[in-house]
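In: next one to model:
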Amino acid sequence: MRQRLSSEPDRYRGRRRVPTPPRSRYAAVMTTAVVGAGVVALGASAMPDAKTLSPSALADLENSVALSDQALEIDDQALDLDSQISERAEDAERASRDADRTPATSMTQAAPDVWMLPLRGYTFTSPYGMRWGKLHAGVDLAAAEGTPFHSIHAGTVTLAGWNGGYGYCVIVKHDDGTEAVYGHASRLRVTAGQRVEAGDLLGDVGNTGHSYGAHLHLEVHVDSEPQDPITWLRGKGVDLKLQVEAIYGGIVEP
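Out: Numbering: from 1, shown residues only. This is a model prediction of the structure:
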């Protein structure tokens, strides 16, 4: 074997390698190659008298070639389907990213004067008024311990902690100067000085302080004087007894 001189032209320079076919096509390609080689071999062994080749053998070879072609066609269809699925997934992901970048408009942003129920699925157990010789300055809404309760209106948390007979308590001063008191919580989810909007989570219903069973004690104060939350909130479109929020027409089943 002679050594190629550096002055000789490179016969392979500038040529491109044929890319290796995907594994899914590799078996089909090899099958076609083997079948083709079998045809050539049989043809060569039968020369010069091609009539010695069995018709059934030819039929089997033709069937094998047909099956190989079908396999290639199915593989192409599968690749097309995979491509479509991938494109749809990318489109869905792109749409999700676009949605995440879109500024969300909350209900309170759309209607800053909204008033809401403090919690869902409660039982009205005790009204505002005299009880055991003392003024019961709010209403009691019984619910399972751990049920989340929410701010009835936008404002600033002025107290979040232990408050004597109220147990764990949250007080929110609203933008109009009124206050809401939420008592007997098992857990508080806000801190003093925090800004909250209507519907924001304040804490979980509990049985702390002077309480007999898990419930939320709710008071409304105007100019530091307690008001009947039933009649006062009805003027804001909220009915605690019927569990109705007139704003947005939301009705909550007891």
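
In: outline the domain layout of this protein.
Out: 23-101, 123-251 (automatic domain parsing).

In: and these, which one is worst for confidence?
Out: Among these, domain 23-101 carries the lowest mean pLDDT, at a mean of 55.

In: which ones are touching residue 196?
Out: 151, 154, 155, 156, 157, 172, 190, 202 (CB atoms under 8 Å, 6 or more residues apart in numbering). In short, each C-beta sits where N, CA and C put it, glycine included.

In: which secondary structure element contains the residue nearest to residue 164 when sequence neighbours are not counted?
Out: Closest residue to residue 164 apart from its sequence neighbours, by CB to CB, 6 or more residues apart in numbering: residue 209 at 6.8 Å. Per DSSP states H and E: residue 209 is located in neither a helix nor a strand.

In: number of residues surrounding residue 209?
Out: Residues lying near residue 209 (other CB atoms under 10 Å) number 17.

In: can you check residue 195 too?
Out: Neighbours of residue 195 under the rule other CB under 10 Å: 11.

In: that one reaches residue 172, doesn't it?
Out: No. Using CB atoms under 8 Å, residue 195 is not in contact with residue 172; the gap is 9.8 Å.

In: circling back: just the closest of the contacts of residue 196 to residue 143, please.
Out: Taking CB to CB as the measure, residue 143 lies nearest residue 202 of these, at 13.7 Å.

In: quick check on the closest one: phi, psi?
Out: Dihedral pair for residue 202: phi -110, psi -40, per degrees, to the nearest 10.

In: same deal with residue 165?
Out: Per-residue torsions, residue 165: phi -70, psi -20 (degrees, to the nearest 10).

In: before we move on, the earlier item: from the contacts of residue 196, which would you call buried?
Out: Buried positions within the contacts of residue 196, assessed by neighbour count (16 or more other CB atoms under 10 Å), are 151, 154, 155, 157, 172, 190, 202.
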